[in-house]
Every structure is written in C-alpha cells, then in structure tokens.
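Trainee: from the sequence below, what's the structure:
(2 chains)
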Amino acid sequence: MAEQKITPEQVIHVAKLGRLDLSDEQRRKFATQLENILEYVAKISQVDVSGVEPMAHALPLHNVLRDDVVEPSLPLEKVLMNAPDTDGPFFKVPKILGGDEDSAG
Amino acid sequence: MSLAFDTLLSARDAIRAKKISAVELTKQAIARIEKLDSKVLAFNSTYPDIALKQAADVDEGRRSGPLSGVPIALKDNLCTSFGTTTCSSRMLENFRAPYDATVVKMLDAAGAVFVGKTNLDEFAMGSSTENSAFKTTRNPWDTSRVPGGSSGGSAAALAAGMCCASLGSDTGGSIRQPAALCGIVGLKPTYGRVSRYGLVAFASSLDQIGPFGWTVSDAALLMNVISGHDRKDSTSVPGDVPDHLAEIDQPIKGLRIGIPREYNLTSGIDPQVKSAVDAAMKKYQELGAQLVDVSLPHTEYGIAAYYVIAPCEASSNLARYDGVHFGHRTKEPVRDIIELFSKSRAEGFGEEVQRRIMIGTYALSSGYYDAYYLRALKMRTLIQRDFTQAFEKCDVILCPTSPTPAFKAGEKTGDPLQMYLCDVFTVTCNIAGIAGISLPCGFTSGSQPLPIGLQLLGPNFSEPKLLRAARMYEQATEWHKRRPKV
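Mentor: Okay, here's the model as predicted:
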C-alpha cells in the first residue's frame, strides 16, 4: 500500500463516495496531498500486527442499555427549526428517484 | 479586584466574599472583549445580555453553585440552546442547537456565566485555528502568531483575560497544544470521564471535553463540575467522581515520573522547548520525584495511526451534513438529491474538512479497509499496551506538549502534513484514552517571549493524581503567574 499512487479517477471515485462535488483544481490538489498523507500513514504497515486485536475505542464498555420505556423525544418544531426547507411536518428535498444511479432504490 | 488575569478560584471566592458582584465582574469581561477581541479574534459570538442576566441572578441569590458568577467561554462546538453553534464552519454558520450539551447544563447548574463562544479550526480539525471558516485567532503573547488549535479561541480568550476559564475539546491535542502555546493550563480528561452529549462529533472514540485555566487548581475545580456519568452518552463511565481539589496542594511523596526514551529520539523539537522541559525534570527531582526510564516503542507510529482513525471516524460522523436536516444547502439548481448533498457539502465544508473526509472515505473504501483502518485499530492496541506497561513503572509520564512554541500565522498552512506533525506528543494520549495535562514550564528568550508547555500523562481516571503531580511543579515555579501584555 505504500507505493499506492492516487489517480485522478480515484479522487473522483472517493469524492463521489464522500458526496463532495470537487472542482477540477481541488481534485488535482487533493490527488497530490492524499498521496503524500497516505504515503506517510503507510508507516503503520511496517509493524507486525499479527495476533493483535483491533481496538475501536479505549474503554471496556459493551452493550450499554436502558430500560425500554417511552420517553419524550425532541418536539417537532425543534427538529425542523434548522431545516433548509420543510413542508408541514416533513423535511423537503428535491426528487429522489432518477438521475444518478446511486439514488435509485 | 479585576477580572483580567485573575484565577477562577480567586474570582469565585471574591464573589462569594462579596468583594465584587457577579454583575460587576461580568461587565469587566464584556468590556475587555469589546476592547481586545478585535485584535485577538477569540470569539465567534458573545452574549452580554444572557451573561448579565445570569450574573444578576447570582447577585440576587437565584443562582448559586461552585462557579457562581464567574465568566466562562465555551468552544463553539458545544451545543447551547442560546445563540449559534457554528463549529467555525459555513456548514453550521446559522445553526441553532435545539438543546444544551451536558457540560453546558452542568456549568449552568454550577452558577457559571456564559460570556461567549470561541473560535476553532473548522469542526475541530487543525492545530492553529487557521482552518476556521471565519477568522484566525491570534496568540495574546504575540498577535502575529497562532494560539494553537483546535481550541485556540478558548485558550486565547482566557490568556487575554476576557474570561476566568473556558472549555475546549481534545481529539488529538486540541486542548493541550493551545494551552501550551498560550501559557495556560489545559486538561484532556480520560475518555469517558466527561459526557460528550452535545459536543459536535469529530472522531467519537477520541473526542473529550476538558477545561482551560490559569492554574492547575482552576482546571481541577472545573473537572469537579463537568465530570460524571451521563445516560445520554453511552461512552461516559458510571461511578463516583472524586474531588479533584481535595488534596491538590499536597505533594506526592515518592512520585515516579516516566521519561520516554523515544522523546529524545524525536526530531524537530525546538532547542528552547527541550531545555525548558529538561529543566522541569530537574525541578521535579529537586522536589523529591524519581525519574524513571520508560519506553513507548510505538510512539513513532502515533501520528500515522491517528491520521487514519480520526479521518475515518470524521468521514462517517460528517455524513450527517446533507443540506436536508440542518446546515447549509446549496442555492444552485440540482438534478437530484445526490447532487444536492454533493454541492451543499462542497460549499459548506472548508478545505481541511474536505481533505479529511477524502482520507477517511478512501481508507474505509472497499479494498483499503484492512490495510488502513483495521491496521490502525491494531496499532491502537499496541499504543495502549505501551502505556499500560510504562505505567507499571511510573505514576505519570513527562514530555513536551508541543515540539515548538507558537508559530506564525500562515507558516504551516501550505503543507497539511507539516501541520499534522505538530501533534506528535499529544495524539497517543487520545489513541490510548488516557488523561493528559499541559502546564506552563518556561518562556522563549527574546523581546517577545513565548510560552512553553510541559505535558504530563497519567493512566485512565488518574486525574486527581495527575493534577496533584502538576500542582507540585506549579507550586515550585512562577511561570503560571506571567501574563501577556495585550
């Protein structure tokens, strides 16, 4: 992975996954910068990690549960108060079906 | 008495003794912000009306607690039901949080007065506040320099005497490094000690909220107020909170201080930082502490592991900014909802945030997950193991907080990797989840002296001992009494 080159196609692919509409200039800039950063972080491949368990976070806390009791949730007007566009009790968005292949289904 | 540069404890006690009213003290804070913040640029928003109302409630006996009447500043990534919570991002420029963060509620219940919300690197990603979408905060010791980051606004607001204490958040050094660069005390609590509910998430497994103060005791007082289990944060730890102030002035007999071998091997440490930290070691020896040689062999991989884990978590956390539920929405015409997301996010996020979303998305994408993310999580286990083994031989570990004093604005903005390397001494603490504190240990020479920070690291939930160890040094030195001429 250390020798990984970041191609413009990869930048386009990753930006699409990350939902970022990058300009051509940003794409060029990010290609170089990502390559430098990824080359640096590839240091971690030098260490033998066989038999080492991954650690997602530092505390031994698992399955923190509460009683299954209905509690008041955020009132509707507070849920919607920052929405860019609403329609009654709904968030309003442009049409979802059609267009980009990702949006189907 | 005057607010400017007084400690939190002395201000609190002066109000209690009725030497000054809370309203008077709050007016001083507001006046200093009005006078100085055009130069320091620490605040994103100020709330004089709310602050004066809170202060009047203290004076008239309707509001009381351990922080009654003291002006406090909040990092602008802590949700408040008043004003805006912007994260210094265009994305959240007009965002009004529908609730208070748990720490805000706790400060409120303790009688604190909220003077304003402070600038940060956008979404807490950075080491200088230069990634703020709004402005770069200035270091009160030298306004051509940065205050550090990401909690640079909170650090500078205190260092410039515009509040008595402040809160920040620390994901890879974002409290300790600005504390070091601004000549104040900053504590990153153990992961799980302080509730993260209402802290806008950057990297959830690394983020912790913590205090800034002029002294170790001020940080301890704030820890007493903000620590504890919160059922709204499932990663906050149940159990009693110790009194961080109770034994703070008592030196620890036979304190064992671990000096990591790797510290001497790290390149790029400013010689003045090195000599100040070496002098602090000698001071501790004079105070009866024993210096112990310890090894943290995976230190050199800390930054690499961090800059995989943090961007991965960020790319996931920041997926919520979609231009639909809250935050910026593009005004451009769009074909469909994907384009709405992509354009809104490209317009709303600054360059560093986009860069980290790109890194994280790449490292989590099909074909790279094992090589980057999974491997980084295994490194995390090794780094935590290093600390566990080191703490078998010592009570605290000592090293610099930042390899250099405050740098000039613009000096490192061209090269993201150079900026990342500022975090070399701070990130492993977040990776392992342990507690860390930075306190002043010297100044650079020259016409405009700059503060230097000493970092002490302690095991999980060792805050009372860590604070006492820091206080030992503070009691024997005068660095914490210096104030900048703003």
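Trainee: for chain A, what's its nearest residue on chain B.
Mentor: Nearest residue of chain B to chain A: B:Gly433, at 2.5 Å (Cβ to the nearest Cβ). Bear in mind the C-beta positions are built from the backbone N, C-alpha and C, glycine included.
Trainee: in contact with residue 52, which residues?
Mentor: Looking at chain A here, since you left the chain open. B:378, B:381-382 (Cβ atoms under 8 Å, 6 or more residues apart in numbering or on different chains).
Trainee: the intended chain is chain B.
Mentor: B:23, B:26-27, B:30.
Trainee: quick one: which helix or strand includes it?
Mentor: Per DSSP states H and E, B:Leu52 falls inside helix B:48-59.
Trainee: mind saving the C-alpha coords of that helix as PDB?
Mentor: Output of helix B:48-59 as PDB, limited to C-alpha atoms (Å, rounded to 0.1, in the frame of the first residue of the first chain):
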ATOM      1  CA  PRO B  48     -23.700  40.100  27.000                       C
ATOM      2  CA  ASP B  49     -27.500  40.100  27.800                       C
ATOM      3  CA  ILE B  50     -27.500  36.500  28.800                       C
ATOM      4  CA  ALA B  51     -24.300  36.800  30.800                       C
ATOM      5  CA  LEU B  52     -25.600  39.900  32.700                       C
ATOM      6  CA  LYS B  53     -28.900  38.200  33.400                       C
ATOM      7  CA  GLN B  54     -27.100  35.100  34.800                       C
ATOM      8  CA  ALA B  55     -24.800  37.400  36.800                       C
ATOM      9  CA  ALA B  56     -27.800  39.300  38.200                       C
ATOM     10  CA  ASP B  57     -29.400  36.000  39.200                       C
ATOM     11  CA  VAL B  58     -26.200  35.200  41.200                       C
ATOM     12  CA  ASP B  59     -26.200  38.600  42.900                       C
END
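Trainee: helix or strand right after it?
Mentor: Next along from helix B:48-59, by DSSP H and E: strand B:71-75.
Trainee: which other residues reach that following strand?
Mentor: B:3, B:25-26, B:29, B:42-43, B:51, B:80, B:104, B:107, B:112-118, B:120, B:124, B:151, B:153-154, B:157-158, B:162-169.
Trainee: follow-up on the earlier one: who wins for neighbours among the contacts of A:Val52?
Mentor: B:Lys378 (21 neighbours; other Cβ atoms under 10 Å in any protein chain shown).
Trainee: so after the helix or strand containing it, what's the next helix or strand?
Mentor: Element membership of B:Lys378, judged by DSSP H and E, is helix B:375-390. Next helix or strand after helix B:375-390 toward the C-terminus (DSSP H and E): strand B:396-400.
Trainee: buried residues, whatever helix or strand comes next after that next one. List them.
Mentor: Per DSSP H and E, the first helix or strand lying C-terminal to strand B:396-400 is helix B:416-420. For helix B:416-420, burial by neighbour count (16 or more other Cβ atoms under 10 Å in any protein chain shown) applies to B:416, B:419-420.
Trainee: for the record, mean pLDDT for helix B:416-420?
Mentor: For helix B:416-420, the mean pLDDT works out to 85.
Trainee: for whichever helix or strand comes after it, what is the distance to the chain centroid?
Mentor: As assigned by DSSP H and E, the chain's next helix or strand after helix B:416-420 is helix B:427-432. Put simply, helix B:427-432 sits 14 Å off its chain's centre (Cα atoms, centre = their mean, to the nearest Å).
Trainee: which single residue of chain A ends up nearest chain B?
Mentor: A:Ala58 (2.5 Å).
Trainee: that residue and B:Ser205 touch, don't they?
Mentor: Yes - at 7.1 Å, A:Ala58 and B:Ser205 qualify as touching, with contact defined as Cβ atoms under 8 Å.
Trainee: coming back round to it: show me what the helix holding B:Lys378 is packed against.
Mentor: helix B:302-317, helix B:427-432 (3 or more Cβ pairs under 8 Å, 6 or more residues apart in numbering or on different chains; DSSP states H and E).
Trainee: out of those, which is the most enclosed?
Mentor: helix B:427-432 (a mean of 28; mean count of other Cβ atoms under 10 Å in any protein chain shown).
Trainee: list the helices and strands that helix packs on?
Mentor: Checking 3+ Cβ pairs under 8 Å, 6+ apart, helix B:427-432 ends up next to helix B:302-317, helix B:375-390.
Trainee: same thing but 10 Å
Mentor: If you count contacts as 3 or more Cβ pairs under 10 Å, 6 or more residues apart in numbering or on different chains; DSSP states H and E, helix B:427-432 packs onto helix B:302-317, helix B:375-390, strand B:396-400, strand B:435-443, strand B:451-458.
Trainee: ramachandran coordinates for B:Asn131?
Mentor: Note on B:Asn131: its backbone torsions stand at phi -90, psi 0 [degrees, to the nearest 10].
Trainee: give me the neighbour count for it.
Mentor: With other Cβ under 10 Å as criterion, B:Asn131 counts 27.
Trainee: B:Ala101 now?
Mentor: 28.
Trainee: and the one 5 residues further on, by the same measure?
Mentor: The number of residues packed around B:Met106, counting by other Cβ under 10 Å, is 22.
Trainee: can you check B:Gly111 too?
Mentor: Neighbours of B:Gly111 (other Cβ under 10 Å): 23.
Trainee: swap in B:Met162?
Mentor: 32.
Trainee: am I right that it is in a helix?
Mentor: No - assessed with DSSP: H, G, I helix; E, B strand; the rest coil, B:Met162 is coil; it does not lie in a helix.
Trainee: that one and B:Ser227, how far apart?
Mentor: 25 Å (Cβ to Cβ, to the nearest Å).
Trainee: got the buried residues for the helix or strand that contains A:Leu38?
Mentor: Assigned by DSSP H and E, A:Leu38 belongs to helix A:24-41. Neighbour-count burial for helix A:24-41, counted by 16+ other Cβ under 10 Å, picks out A:26, A:30-31, A:33-35, A:37-41.
Trainee: what helices or strands is the lowest-mean-pLDDT helix or strand in chain B leaning on?
Mentor: Every helix and strand of chain B was ranked by mean pLDDT, DSSP states H and E. The lowest is helix B:416-420, at a mean of 85. Judged by 3+ Cβ pairs under 10 Å, 6+ apart, helix B:416-420 is in contact with helix A:24-41, helix B:302-317, helix B:351-364.
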